[in-house]
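> What follows is a predicted structure for the sequence shown.
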Amino acid sequence: MQFKHPEILYFLFLLVIPILVHLFQLRRFKKQYFTNVRFLKELSIQTRKSSKIKKWLLLATRLLLLTFIIIAFAQPFFKAKDSKNSSNEMYIVLDNSFSMQAKGQKGELLKRVVQELLENTPENQTFSLITNSETFWNTDIKSIRTELQNLKHSALPFQLESAMAKIKSRKTAFNKDVVVITDAVGMESKQLKSIDKEFNTYFIIPEAEHENNVAIESVFIHQTLDDFYEIGLKLSAFGEKNKQIPVALYNQNKLIAKTLSKFDAKEKTIYFTIPKKDFHGYASIIDNGLEYDNNLYFSISKPKKNNIISIGTAEKSNFLSRIYTNDEFNFNNFTIETLDYNAIEKQNTIVLNELDEIPQALQTTLKSFVEKGGNLVLIPSSKTSTANLNLFLKIFENIQFKSLENKEKLVTKINFNHPLFSGVFENKINNFQYPKTKASFGIAGSNPAALYYEDQTPFLTSINNPPDASGSSVYIFTAPINGENSNFQQSPLIVPTFYKMGVNSQNNGVNAITIGNNNPFLVDATLSKDEILKVKNETETFIPVQQILNDKVKLTFNDFPEQAGNFGIYNQNERIQNISFNFNRTESDLAQANKEALSDYKTTDSIETVFNSLQTDRTDSQIWKWFVIFALLFLVTEMAIIRFVK
C-alpha cells in the first residue's frame, strides 16, 4: 500500500492528545453520604466499573476514528501492476485494404471495426491513427469521427513495415502502445520483424465467415479476325468451387454479352467475340465474395499498323518480311549506308540485323529512340567486335558480351514467364524442335533470358524498361541467326518471338492499367509548352506526370486515379484517347490470411478488450474511500456508545 500524500500521516502523532485527556481527567469523584444501606454501596461500585468501560470504549473508537480520517486524507492506494507504461502513447494501425470488404459474423469487416472504434474508444484518449492511405496524428475519437465514418477501402495493400516506420519516426520520451487491426491477408513473418520489441503491441484479427471469392484477373485478345476480336477473360476462384457465376460484358455501359460460367478448377478463361471496333467498357461478375475485383475495366482502340525497320543486308532480312506482313506492319529494310536517321523516331521497333559495326551516331540515335518508348532488337554479327557491342550496350544497362565461341549448342528451354512470351502459348511446350547455333557469344548479366541453351546460358535475353525509358524493351540475341550459323529461322519459335518483339501493345491490344503500376504510358499528341493533358471521367479528374517527346507525350500515373474505371485523356476539351484503370488483385485470395505468424504476439478479440485491459492494468486501486467508510462507522459506534452504554 502506498500514499499519495504521505506527509499527512504525521498527524497521527496527535492521537496522543485524546489518550492524555482520557488518562488524566481533572474531574474527581465527590463523596456523597447516603444512608448506610448495603444495597446503595454495591450500586455505587457497579456504576464506577461501567463508567470506566465506557471511557475505554470511547477512547478506542475516537482513536480509530481519527486514525482512519488521517489515513483517508493521505489517500492510500495499491500501485497498478503496469504502472510504468501508464504514460505510453497510443497508436492504432488500421488495415483498410480491399480484403477487409469480406463479410464477418456482424457484417463487413472494415465497417464493423470502425463502428467498434467509435463506440469503445474513450473520449479522453489521445491516439494516432494510421491507415493504408491516411494518417491522423495526436487526435481523439471526437475529432476524427467523420473521417472514420467516411473511410474508404484503399488500393494500397496493408504494409506493416510502412506503418511501423511512421511510428518509429515519432521520437518522444514515452514508450508506445500499438494496436494493429488487420485480417492478416498477405501477412509474412518478415514483416513482423519491423515491430520494435519495446512497443506494447496488440493484434486484433477480424475474421471472415468464409474464404469464397471469384475475381476477374485479366483480359486479353485471343484472336484477331477480319471483323471481330475474340477476347479472353481470365477468372480465378478461391475457396468453394463447382458453382455458377454470371459473367457480363458491357461497352459504353451497354450490355453486349452475358453467360453463366461454372468453376471446376481454380482458374478459368471465358471467351467473347466482339466487333473489331473501339471498345471502352468493362467485364462484370456477381458473387458473394469481395466486391472490388468483380469488375475489370478495359479499352481496345482501333488497331494501328506497327512501324518496323530492319538495318542490315537485304538477304539476311528476307525472313523478317515474311513475319511482318502488310496487314499489321509497315516494314522496311535499310542498309547502314541508306538509312534515313530522321525516320527512326517514327518507328515502333528497330532490328539491328547482324551489323559488323554500330556507328557512334547510330548508337546515340537509338538511345533516344528507346527512351521514347521504342523496342530494339539486336542480332550480333560473327564479325562484330565485342568492344563495339559492349560500348553500345552500356548505354542501356551493364550487360556485356564475351568472346565468340565456335561451339554447337541447342536451344532447349523456353521461359514461359518472360514478358515476351506472355499469352503466346496456351500450354507449356517441352518437346519442340530444338534450334541450334554453330557459334555464339558468351554474355555477362543478371537479366532473365527468354530462351536458353542446353547449358542454361542465354540465347535470347532482354533489358526491360531501361532507365528513363517509356515501357520499351531491348532484346538481345547472343548468336547470329542467319542460315549459315543457325536453323532458328526454320524453327516454330521464330514467328511468335519476332511477332511479339515487333508489336507495340498500345497499338494492338487491350488497355487495362493497374493503379499503382508506374510504367509510363505513351500518347500520340503534339503539345505546346503551356499545354497539359488531363485524365478524367464523370467523377474524377487528375493531371498525370507528363513529358513531351516530339509528337508523343509520356504519362506516369503514380497512385492515381483513386477509383477504378474508364477514363479519357483530354487535351483541353478534345478527347484524344480512351484509357482504363483497375485495382491490383493482390487481395483477392482470402486464404492468404496468415494468423499463425502472430502466434508470438498478444492478440485480442476487440478494441473494447484492449482499452479495458490497459485501464485495468494501469489504474491504481484507490482505497481511501474505504477508510472514510470505516471512519463513519466508528463515528456511529461512538454515538451509540454514548447513548446506550451506561
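Happy to help now that I have it. Numbers count the residues shown, from 1 in each chain.

> Let me see the contact set for residue 450.
Residue 450 is in contact with 414, 415, 418, 420, 421, 460, 461, 462, 475, 497, counting by C-beta atoms under 8 Å, 6 or more residues apart in numbering. C-beta here means a position set from N, CA and C on the backbone, and glycine is covered the same way.

> Share the number of residues neighbouring the first one, please.
The one in question is residue 414. For residue 414, the count of nearby residues is 23 (other C-beta atoms under 10 Å).

> Check the spacing between it and residue 458 real quick.
Residue 414 is 12 Å from residue 458, where distance means C-beta to C-beta, to the nearest Å.

> between those two, what contacts are shared?
Shared contacts of residue 414 and residue 458, defined by C-beta under 8 Å, 6+ apart, comprise 451, 452.

> that older thread, widest-spaced pair of the contacts of residue 450?
Using C-beta to C-beta, these span at most 14.7 Å, a distance reached by 414 and 475.

> just checking, which of the contacts of residue 450 belong to helices?
Of the contacts of residue 450, the ones assigned to helices by DSSP state H are residue 497.

> now, which of the contacts of residue 450 sits nearest residue 484?
residue 460 (19.0 Å).

> ok, now how distant is the closest one from residue 527?
Distance of residue 460 to residue 527, given as C-beta to C-beta: 37 Å.

> neighbour count winner among the two?
residue 460 (25 against 15).

> Who is that one paired with across the strands?
Listed by DSSP bridges, the beta-bridge partners for residue 460 are residue 451, residue 477.

> again, but for residue 223
Counting by DSSP bridges, residue 223 forms beta bridges with residue 230.

> Now do the contacts for the closest residue to residue 289 other than its chain neighbours.
Nearest non-adjacent residue to residue 289, counting by C-beta to C-beta, 6 or more residues apart in numbering: residue 213, 3.0 Å away. Counting by C-beta under 8 Å, 6+ apart, residue 213 makes contact with 102, 237, 238, 239, 287, 289, 290, 293, 588, 589, 590.

> Give me the buried entries from the residues you listed.
Buried subset of the contacts of residue 213 (neighbour count, 16 or more other C-beta atoms under 10 Å): 102, 237, 238, 239, 287, 289, 290, 293, 588, 589, 590.

> any idea how far the third one is from residue 476?
Taking C-beta to C-beta as the measure, residue 238 falls 39 Å from residue 476.

> Check the second one too.
From residue 237 across to residue 476, the span is 40 Å (C-beta to C-beta).

> can you check residue 554 too?
Distance from residue 554 to residue 476, by C-beta to C-beta: 24 Å.

> neighbour-wise, which of the two wins?
Neighbours were counted for residue 554 and for residue 476 using other C-beta under 10 Å; residue 476 has more, 28 against 21.

> From residue 493, how far out is the more buried one?
From residue 476 to residue 493 the distance is 16 Å (C-beta to C-beta).

> how about the helices in the chain?
According to DSSP H, the chain carries its helices in the segments 16-23, 38-73, 109-120, 145-149, 160-168, 189-192, 318-323, 360-371, 386-393, 494-502, 607-618, 624-644.

> And those: which comes nearest residue 546?
Closest among the helices of the chain, once you apply C-beta to C-beta, is helix 360-371, at 15.0 Å.

> Just the buried residues of that closest one, please?
Applying 16+ other C-beta under 10 Å to helix 360-371 flags 362, 365, 366, 367, 369, 370, 371 as buried.

> who touches residue 174 in this structure?
Contacts of residue 174 by C-beta under 8 Å, 6+ apart are 87, 88, 89.

> so what's it scoring on pLDDT?
Listed pLDDT for residue 174 reads 85.

> That one and residue 601: what is the separation?
21 Å.

> again with residue 383
For residue 383, the distance to residue 601 - C-beta to C-beta - is 65 Å.

> Check residue 103 too.
26 Å.

> more crowded one of these two?
Neighbour count, other C-beta under 10 Å: between residue 103 and residue 601, residue 103 has more, with 15 against 12.
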